[in-house]
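Trainee: The amino acid sequence is not available; the structure is as follows:
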């Protein structure tokens, strides 16, 4: 019985490899950092590029892990501040994909690793001699202001226009607070989450047939 189970598993594994497709993808990020503490967030345009691996599992169902470089962030504005944040992430979406005719839907978790960050504009740069917040216009590295890890959920739809070419759109909604500012505490420490709308084109190598 155990041998039959092993043989069945290996058969399914190699069958999925035979139908697997590797590909490259890239496109537009329209991103914001959703905030609190009276700050208004504004979407900004960025981009992403990556590679993926699609393996057919059963009928129209497949799995698609990806590795992407994703530039995202947004503008945050309050009564005293107005600055842009650029966050450079290595992201790994792990998606389930259902294809019916030319239409596909995809969903799953995404794990992100912050590579670097920078900020530019007017924000708090320290304190005055009497202990009041001091604001100024600067451009600076800001990697230490953000947590290195980000966890998101992904959902999207698309069209496969040819055997090797498809177009799609996704919403990537961050679930955890990525803010790690050391000079803000309590109610002045806003909770920040990534939110990204993606539009992309994908090119696949191979036709995915046995």
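Mentor: Thanks, I have it. These numbers come from a predicted model, not from an experiment. Numbers count the residues shown, from 1 in each chain.

Trainee: beta partners for residue 51?
Mentor: residue 24, residue 67 (DSSP bridges).

Trainee: Count the neighbours of it for me.
Mentor: 14 (other Cβ atoms under 10 Å). C-beta: built from backbone N, CA, C; applies to glycine.

Trainee: Please tell me I have it right and it contacts residue 67.
Mentor: Yes - Residue 51 is within contact range of residue 67, at 5.7 Å (criterion: Cβ atoms under 8 Å).

Trainee: you'd agree residue 160 is in a strand?
Mentor: Yes - counting by DSSP: H, G, I helix; E, B strand; the rest coil, residue 160 is part of a strand.

Trainee: wait, what's in contact with it?
Mentor: When contacts are counted by Cβ atoms under 8 Å, 6 or more residues apart in numbering, residue 160 touches 99, 102, 103, 104, 166.

Trainee: now the fourth one, nearest residue through space, not along the chain?
Mentor: To tie it back to what came earlier, the one meant is residue 104. Take residue 104 and drop its neighbours on the chain: the residue closest to it by Cβ to Cβ, 6 or more residues apart in numbering is residue 158, 5.3 Å away.

Trainee: burial count for the one you found?
Mentor: 21.

Trainee: That one against residue 168, yeah?
Mentor: Yes - if you go by Cβ under 8 Å, residue 158 and residue 168 touch, sitting 2.8 Å apart.

Trainee: any residues in contact with both of the two?
Mentor: By Cβ under 8 Å, 6+ apart, the residues touching both residue 158 and residue 168 are 104, 106.

Trainee: For this structure, name the helix or strand with the lowest mean pLDDT.
Mentor: Within the chain, no helix or strand scores below helix 2-18, which has a mean of 46 by mean pLDDT, DSSP states H and E.

Trainee: mind showing which ranges of this structure have poor pLDDT?
Mentor: The model of the chain has pLDDT under 70 over residues 1-20, 35-40, 182-190, 206-210.
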